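> Quick one, structure for this:
(chains A and B)
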Protein chains: 2
Amino acid sequence: MEALSSNQVTVMFLSLAVLLCVARVLGELALRLRQPSVLGELLAGVILGPTILGRIAPNINTALFPLHGVNAIALESISTLAIGLFLLVAGMEVDLSTAWKQGKIGGKIGLTSIVIPFSVAVVAAFLIPEVLGRKPDSDPLVFALFFAIAISISALPIIARTLIDMGLYRSDLGMVVISAAILNDIIGWVVFAVILGFISGSSGAGADIAVTLAMTLIFIVGMLTFGRYLIHRVLPFVQAYTRWPSGELSFALILGLLGAAFTELIGIHAILGAFIVGVAIGDSSHLRERSRVIIGDFVSFIFAPVFFASIGLKVDFFAHFDPVLVLVVLLLACVCKLIGGTLGARWGGMGRDESLAVGFAMVSVGAMGIIVGIIALNAGIIDERLFIALVIMAMVTSMISGPFMRLILHKEKKCLLHEVLSSKLFVQDLTAVTRRQVIRELTLAVSEVGDIDAAALETAVWEREVLMSTGVGNRVALPHARIVGLKQVWVVVGMSCRGIDFDAPDGKLANLIFLVLTPAEDPGIQLDIVAQIARLFRTQRCVDAALRTENFTDFLALLHTEA
Amino acid sequence: MEALSSNQVTVMFLSLAVLLCVARVLGELALRLRQPSVLGELLAGVILGPTILGRIAPNINTALFPLHGVNAIALESISTLAIGLFLLVAGMEVDLSTAWKQGKIGGKIGLTSIVIPFSVAVVAAFLIPEVLGRKPDSDPLVFALFFAIAISISALPIIARTLIDMGLYRSDLGMVVISAAILNDIIGWVVFAVILGFISGSSGAGADIAVTLAMTLIFIVGMLTFGRYLIHRVLPFVQAYTRWPSGELSFALILGLLGAAFTELIGIHAILGAFIVGVAIGDSSHLRERSRVIIGDFVSFIFAPVFFASIGLKVDFFAHFDPVLVLVVLLLACVCKLIGGTLGARWGGMGRDESLAVGFAMVSVGAMGIIVGIIALNAGIIDERLFIALVIMAMVTSMISGPFMRLILHKEKKCLLHEVLSSKLFVQDLTAVTRRQVIRELTLAVSEVGDIDAAALETAVWEREVLMSTGVGNRVALPHARIVGLKQVWVVVGMSCRGIDFDAPDGKLANLIFLVLTPAEDPGIQLDIVAQIARLFRTQRCVDAALRTENFTDFLALLHTEA
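Take a look at the predicted model:
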């Protein structure tokens, strides 16, 4: 076998490290701005690729990410593997039973949210092919179908994340949206597969197309029925007779790789096979949480960033940026998907506001649109201009989807404990000895940082405390008050090594004290914050760990990793 | 960037699936035969490579695993990445504080177990180069050093696994052996790096070698002191300010990739950098268990099998098999390492038997020897004959190490619950209503399967039961007895949906009953089995899950995945 030269090995490790590093840093930044991380990951590729690094330091760009030769093949193989595994995980996240439960309304939304954008896009592709940047030599039908699918597919992971952030994931509305997105995903990928069958078959006879389509259909139906059943039956044997968890892990991955190889072999893209196998595996109730976590985390946080960043390496986003095209594609996608989703929800009998919210949920195209786009670009069906327009459309739709839903449903983002904490409100060595003194010391911290009258705060908290003491046991106390006119949530963390008597039911002194001040105008938010603290510190182990932290960063790290 | 053709993508996914599948199946078989899994993984490559598949079906062999072209590069890049990550994980498993604690004796053993085999091997390489298969054109010194290091390195993961299996890992003896192996590993890899510096420098001037060696030394010392400290300080920030666990995961992997790139760049092999970075990261007490598990499991069970299997694809093991060479290398390694380890232990003041056991522990060469071998083969320093001899030596030493230790220390393998269970001793619907009836029903099952007198068993268990009832609470009962003349351990699982009164301290009826019969001659084994059952079923959740299982396989799967 060809061994890589030392130089090639260096470049491979270095380019992967740089790609992953920039992708993860920008991905984290995107998350901090409450955007999907794929946005940052994609941007990493744009920065490291021909668009920016290629302009500033072309030598470094071509040395790290050559377009030809061994290292180009190495990176391409790794990102091909990455996208296959990413679709396997995306499939594993599809919960077919949820889709069934809300099947009726979800089905209607899933259908309209794909049919309406699809039809409009097909018509548009035939009416204004020049505006959309069809290559003169590409097949009009293939182009139209591809463009349509890129616009009508939805981003299940991003939709799910938005719903979780709004606390709506387990609600009826949430389940309807998720089931619609699942249906949309499955229909979308199947239609996509059919289109790919057209392309690979178009050079040959019509019989070839028929064979490809028939095999695709058999594969999908077979995997989702018989294959799914077989996997469910075989999994306990794998768990019982192989070393845990290595057997189950490799079982899932081997099936995913085989599915990918099979669909690629019959002329459909590998990702469809990985996705369908993922759905079949993920549906089994025998699959253990640990395997889901290991595969899911490693693929989502390591492989996926490498793949999305590598997309930006292939295209010069400045040279091929066409503002008119971007605007047309974006408008077309937003309007059609919004109408599609909303109409489906109305058809299913939902109210006007809720339907509109569902419409906005379905607008999000996200990573899936990008994947369709890169495949079309590689297959030579679309040019760089349209590819870039699709990428921007996919990103923008994912960015606006959540905020609009929140606006319509009057839902605030859930207030997260670790977002309201700050190092200035972290008092590690309380000097206070009594309950009253502790409350004074902690309210003083808020009044200094927030420029609020200390006496008023202290009085409010103390009045509440006298009513009923706030020692919750397990060495934790939660003094709190709702304050009229307060602009934001304040949480102060205080630690006392000698312990303060907060009259806890278990009789223990409190060493860890959280002062929670919330605006009186939003009564729900207090419960939210208190519940988060109680959940985190219900175990002795966690309280001990918190009291052992040396500084605010350690404390925040504990909160993050235990949440 | 070069896109892979559809055919190349198919071959890539298919070859990875086949390689992983065969490697994992044979790896599981090896584990079942109480051998290290790397044995099976390596064999997978031999079967799929030129040695066997290449002889039976050369077309399939070259189609799946071509030796040149895009797919060869793809597989080679993925297995290069795999070995880098494997060494990162191997480094993360090194526990420096353990090494320090037992540092004095461990240091002596670590030293002698590397110095003695190393010296003898160097002398042998100069005395009988023809027997050892030195290539006529290769540098005698480089050859001798390489050969010596391949023989003197030890296999920390396999040694640790053997000690765990014998229940000796946490004992003084175990910690001494582990600290010696850690020292051996670190010295081994550093010397190895130095030798590689010789080779890469040998074409240039002497100054180049000096620079390489100086940079290597600075890297290792710097990483293990300042780098280790810095990582320990930075980790809480990563945890506090990035999304959990993606931030920590990518932090560890990016550092590993950078370390690999750096050492490869300065003329040392990439794996040294990955290993040293792994040691530095793994040493931080801030690194969370979840990150260790995700990286460790994914790399050990997915990447490592692919790498070890890919080794067998490169060489024809039949064509280059030289029995004399294999025997010489094997004898040299066994004798020298045994003497090295034993002398070190004696020097450290250990007893004769214990010292001999330590010697046998250090004999195991395992995966590390194979890695050194493949690098030497790729670098053209050794030929296929010696490579195969090294691989066989590495495997055989790993196979004999454990059994000989057990023999010397009179330690049986720990009796594992899931190994003594069987579907014939699984009574899902007990008809019994009383304690006495249950005991009769369960002992009857043993007497039928084992052809033992039922009445004697029943009497023994009942006598014990009358002495003190064996209901342990949480709906579990553990009737048991030590039986004189019993040949093996018998455990029968019985389930009763109505529940049996075993007079448990929590007053609950027992639904899950384990009958434990052990040989009277081995009093410790009963406690062992009972402790395993008690540990497994201490939670309500686990008892519920066990009672919900539909058949023996499901039950065994639960045991495996909860253990």
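
> Could you point out the helix or strand that follows the lengthiest helix in chain A?
Longest among the helix segments of chain A by residue count, using DSSP state H, is helix A:172-202. Downstream of helix A:172-202, the next assigned helix or strand under DSSP states H and E is helix A:206-222.

> could you check the angle helix A:172-202 makes with that following helix?
150 degrees (axes from the mean of the first three to the mean of the last three Cα atoms, to 10 degrees).

> Give me the buried stretch members for stretch A:152-162, please.
Using 16 or more other Cβ atoms under 10 Å in any protein chain shown as the test for burial, stretch A:152-162 gives A:S152, A:I153, A:S154, A:A155, A:L156, A:P157, A:I158, A:I159, A:A160, A:R161, A:T162. In this view, the C-beta of every residue, glycine as well, is placed from N, C-alpha and C.

> any idea which of those is the one closest to A:F126?
Distance to A:F126 across the buried residues of stretch A:152-162 (Cβ to Cβ) is lowest for A:S152, with 16.0 Å.

> Contact partners for the closest one?
A:S152 makes contacts with A:S113, A:I114, A:V115, A:P117, A:F118, A:A121, A:N184, A:G188, A:C336, A:K337, A:G340, as judged by Cβ atoms under 8 Å, 6 or more residues apart in numbering or on different chains.

> how about the residues you listed in CSV, adding pLDDT and secondary structure?
Compiled in CSV, the contacts of A:S152 are given as follows (pLDDT from 0 to 100; DSSP: H, G, I helix; E, B strand; the rest coil):
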residue, pLDDT, secondary structure
A:S113, 92, helix
A:I114, 91, helix
A:V115, 93, helix
A:P117, 94, helix
A:F118, 94, helix
A:A121, 94, helix
A:N184, 87, helix
A:G188, 84, helix
A:C336, 94, helix
A:K337, 93, helix
A:G340, 94, helix
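
> What parts of the stretch 151-300 of chain A come near chain B?
Within the stretch 151-300 of chain A, the positions near chain B by Cβ under 8 Å from any Cβ of the partner chain are A:200, A:235-250, A:253-254, A:257-258, A:260-261, A:264-265, A:267, A:270, A:286, A:288, A:290, A:293-295, A:297-298, A:300.

> What parts of the stretch 451-563 of chain A come near chain B?
So the stretch 451-563 of chain A meets chain B at A:T553, A:D554, A:L556, A:A557, A:L559, A:H560, A:T561, A:A563 (Cβ under 8 Å from any Cβ).

> run the last query once more with 6 Å
For the stretch 451-563 of chain A, the residues in contact with chain B (Cβ under 6 Å from any Cβ of the partner chain) are A:T553, A:D554, A:L556, A:A557, A:H560, A:T561.

> hmm, back to that, who are the packing partners of the longest helix of chain A?
helix A:96-101, helix A:103-127, helix A:140-152, helix A:156-165, helix A:206-222, helix A:270-282 (3 or more Cβ pairs under 6 Å, 6 or more residues apart in numbering or on different chains; DSSP states H and E).

> Surely A:I311 touches A:G45?
Yes - between A:I311 and A:G45 there is a contact under Cβ atoms under 6 Å: 5.4 Å.

> centre of the chain versus the longest helix of chain A, how much separation?
The chain centre lies 18 Å from the centre of helix A:172-202; the measure is Cα atoms, centre = their mean, to the nearest Å.

> got the angle for that helix vs helix A:270-282?
140 degrees.

> Quick check: buried residues in helix A:172-202?
Using 16+ other Cβ under 10 Å as the test for burial, helix A:172-202 gives A:173-201.

> Let me see the domain layout of chain A.
Structural domains of chain A, as assigned by automatic domain parsing, span the residue ranges A:12-409, A:417-562.

> most neighbours, which of the residues of the stretch 451-563 of chain A next to chain B?
A:A557 (25 neighbours; other Cβ atoms under 10 Å in any protein chain shown).

> Run a quick neighbour tally on the closest residue to that residue other than its chain neighbours.
Sequence neighbours aside, B:Q239 is the residue nearest to A:A557 in space, at 3.5 Å (criterion: Cβ to Cβ, 6 or more residues apart in numbering or on different chains). Using other Cβ under 10 Å, B:Q239 has 25 other residues around it.

> Make CSV out of the buried residues of stretch A:152-162 and add pLDDT.
Shown next, in CSV, are the buried residues of stretch A:152-162 (pLDDT from 0 to 100):
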residue, pLDDT
A:S152, 89
A:I153, 87
A:S154, 83
A:A155, 79
A:L156, 79
A:P157, 76
A:I158, 79
A:I159, 83
A:A160, 81
A:R161, 76
A:T162, 79
